[in-house]
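Visitor: All I have is the shape, not the residue letters:
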């Protein structure tokens, strides 16, 4: 009713029942990458055969879409990979279910990367862009998310949340992005930072959020609905 749009951020945002790499709890861990071993998930390969894409990953994408439909929601306008990282074969499955992604992305030097080879080992790199990517190597139409997100160190109650990333950092990134003609300044903000239960560790969530909005507006950006940048 207020104009919100849906993005599907994983199916369960976890991988089986293992800690991958934090708690194993839904919404906390990697889903399409074995972060413990730093390898693709074993389900990518079918009987030792390298497919064109991961049928296992596609199955999870379609299962997630079915959950939306069964609960009366329209199809999300975009996909966002949990923690931005999936194996190459899992990533190649995404365009088969979604015509748009809204995220940063990780790219590899092989569709079956091996980071431990003695010679010629593969490597990966995370990338983000201040403009729309109409088709990347994996076939994704990618809406940019290029400023990062606010983080507070709450390791006293959650040992896996020990990073500090301030609203000033977001603002500085937005300033850097102004050098790109017709570029975008896109960030996200976890709403749980507004919860009163986090006090006294976090008390400035709402004011920090407002500061980001004011900063980006002052820099001359025009706010727009991200879904309008989706694949037509």
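Guide: Thanks, I have it. For clarity, every value in this text was computed on a predicted model and none was experimentally measured. Numbering: from 1, shown residues only.
Visitor: hey, let's count contacts and neighbours off CA atoms from now on
Guide: OK.
Visitor: Give me the distance between stretch 49-66 and the centre of its chain.
Guide: 18 Å (C-alpha atoms, centre = their mean, to the nearest Å).
Visitor: Name the residues that touch it?
Guide: Residues outside stretch 49-66 that contact it (C-alpha atoms under 8 Å, 6 or more residues apart in numbering): 8, 10-11, 32, 43-45, 75-76, 89-94, 96-97.
Visitor: what about 7 Å?
Guide: 11, 43, 44, 45, 75, 89, 90, 92, 93, 94, 97 (C-alpha atoms under 7 Å, 6 or more residues apart in numbering).
Visitor: for the protein, what spans make up the helices?
Guide: Using DSSP state H, the helices found in the chain span residues 55-70, 88-97, 167-177, 205-218.
Visitor: and among those helices, the most buried is which?
Guide: Greatest average neighbour count among these goes to helix 88-97 (a mean of 22), per mean count of other C-alpha atoms under 10 Å.
Visitor: can I get the helices of the chain in JSON lines with mean pLDDT and distance to residue 105?
Guide: Listed next are the helices of the chain as JSON lines, based on pLDDT from 0 to 100; distance: least, C-alpha to C-alpha, whole Å:
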{"stretch": "helix 55-70", "mean pLDDT": "97", "distance to residue 105": "16"}
{"stretch": "helix 88-97", "mean pLDDT": "97", "distance to residue 105": "9"}
{"stretch": "helix 167-177", "mean pLDDT": "97", "distance to residue 105": "18"}
{"stretch": "helix 205-218", "mean pLDDT": "98", "distance to residue 105": "23"}
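Visitor: which one of those lies closest to residue 110?
Guide: Among the helices of the chain, helix 88-97 comes nearest to residue 110, with 7.7 Å by C-alpha to C-alpha.
Visitor: and the two most separated of the contacts of stretch 49-66?
Guide: For the contacts of stretch 49-66, the farthest-apart pair by C-alpha to C-alpha is 45 and 75; their separation is 28.4 Å.
Visitor: who's in contact with the one residue sitting closest to the centre of the chain?
Guide: A centroid search over the chain (C-alpha atoms, centre = their mean) returns residue 84, at 3.8 Å, as the residue closest to the centre. Listed by C-alpha under 7 Å, 6+ apart, the contact set of residue 84 reads 103, 104, 105, 106.
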